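> need a 3D model of the following:
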Amino acid sequence: MYKLKALIPGVMLATIVGLAALFLSEHYGAPSMLFALLLGIALSFLYEESQCKAGIEFTATHILRFGVAMLGFRIAFGDLVALGWKTALLLIVAIVTTILIGTVLARLLGMQKRFGVLTGGAVGICGASAAMAIAAVLPDSKHKDRDTLLTIIGVTALSTLSMILYPIIASQFNLDQIQTGIFLGATIHDVAQVVGAGYSVSEQSGDLATLTKLVRVAFLMPVVIAILLVLKLRLKRVGANKAPGIPGFLIIFVVLMIINSVFSIPSAVTESASHISRFALVVSIAAIGMKSNLKQLVEVGTKPILLLIMETIWIASLILICLLIL
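Prediction:
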């Protein structure tokens, strides 16, 4: 009871910030996750308050994992079948190569490989949601929260820019509506921006872009499990006592995805689950923002943003070239 009471101030604070971010997003058209981050950073001094710290920590970890787990309700195996094996294979190649290139570029730029995995996964799969899911399974480190925050800020900003530029690029290369839908869904980082870009072109492009994006989201679970396996092998190699297991939130993600694939769930239920997941992620991002140290963000410099830009250019170029050739 005492522990629950200690959590309430911080959880309520993050919830209020999340609600404010959603309000601002609806009225000004910018991504809610970006607003949540900025508001959280502005209130970072409250993290040092003993009454709020425990609740903010809880929100940034456990509510984050709950939000990621609920993403399983948005995905069904039928989506993969409907998209076709060629497009699905193209997405797999794009995701894997983006993560590998991110890892290599991170080392070349003097940063840790894990940061390249984090940014590459965020760019390759589903933006801020992927960044938080991958960060949740990476080993704790001194700069883990800072790196997660930088990644979320970067992919959110680049996703918004892509929403504006990519339909123009598709038009310049004379892509038809089907190719445009695949291009937008396979390259823009966040779901909301994919929807905005797709339906700004046509209803057909919007439907296909959304479907393509959902299939990318479906690859989140296999990628996170692959990261866990690599970490486990590495820890065994160096003789660590305890290797990481599969977190409970990933198991729930898979179970929900299977349920959504096997059973005909009413759209009202899946939509409600999607809204709950979105709100949980917005609230947890607000908490991550509160945990941030603005001075540390400034000290990092331009290298992380440069890495994100190069990863974004890579996946966009790869998808565009393949669509033009195939």
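> show me the helices in the stretch 101-250 of the chain, by range?
Using DSSP state H, counting those that start in this stretch, the helices of the stretch 101-250 of the chain run over 113-121, 128-137, 144-172, 177-187, 191-201, 203-218, 220-237, 248-262.
> got the contact list for Leu38?
Counting by Cβ atoms under 8 Å, 6 or more residues apart in numbering, Leu38 touches Gly289. C-beta here means a position set from N, CA and C on the backbone, and glycine is covered the same way.
> can you start the count at 23 instead of 1 from here on
Will do, 23 is the new start, and the previous item becomes Leu60.
> from Gly311, how far out is it?
Leu60 sits 7 Å away from Gly311, going by Cβ to Cβ, to the nearest Å.
> correct me, but Leu329 touches Val126?
No: counting by Cβ atoms under 8 Å, Leu329 stays clear of Val126, with 10.4 Å between them.
> low-confidence ranges, this protein, go.
Across the chain, the ranges flagged by pLDDT under 70 are 23-24, 71-72, 257-269, 315-322.
> how about the host helix or strand of Gly77: buried residues?
Using DSSP states H and E, Gly77 sits in helix 72-80. Neighbour counts over helix 72-80 (16 or more other Cβ atoms under 10 Å) mark Cys74, Lys75, Ala76, Gly77, Ile78, Glu79, Phe80 as buried.
> check the gap between Val139 and Val126 for me.
Taken as Cβ to Cβ, the span from Val139 to Val126 is 11 Å.
> neighbour count winner among those two?
Applying other Cβ atoms under 10 Å to Val139 and Val126 shows that Val139 carries more neighbours, namely 22 against 13.
> what's in contact with stretch 113-126?
135, 138-139, 141-143, 145-147, 208, 234, 237-238, 241, 245, 329, 332-333, 336-337, 340-341.
> again, only using 6 Å
The contact list for stretch 113-126, computed with Cβ atoms under 6 Å, 6 or more residues apart in numbering, reads 135, 138-139, 141-143, 145-146, 208, 238, 241, 333, 336-337, 340-341.
> now stretch 200-212
Under Cβ under 6 Å, 6+ apart, the answer for stretch 200-212 is 113, 149, 177, 181, 184, 188, 192, 216, 219-220, 223, 227, 230-231, 234-235, 337-338, 341, 345.
> run the last query once more with 7 Å
53, 109, 113, 116, 144-145, 148-150, 177-178, 180-181, 184-185, 188, 192, 197, 216, 219-220, 223, 226-227, 230-235, 238, 337-338, 341-342, 345 (Cβ atoms under 7 Å, 6 or more residues apart in numbering).
> re earlier: out of the buried residues of helix 72-80, give me the two with the largest separation.
Spatially, the most separated pair among the buried residues of helix 72-80 is Cys74 and Phe80, at 10.7 Å (Cβ to Cβ).
> which residues do those two both contact?
Gly32.
> got the phi/psi numbers for Asp198?
phi -80, psi -180 (degrees, to the nearest 10).
> ok, now how distant is it from Ile280?
Relative to Ile280, and taking Cβ to Cβ, Asp198 is found at 35 Å.
> of the two, who's got more company?
Ile280 (14 against 11).
> any idea how far the more buried one is from Ile274?
From Ile280 to Ile274 the distance is 11 Å (Cβ to Cβ).
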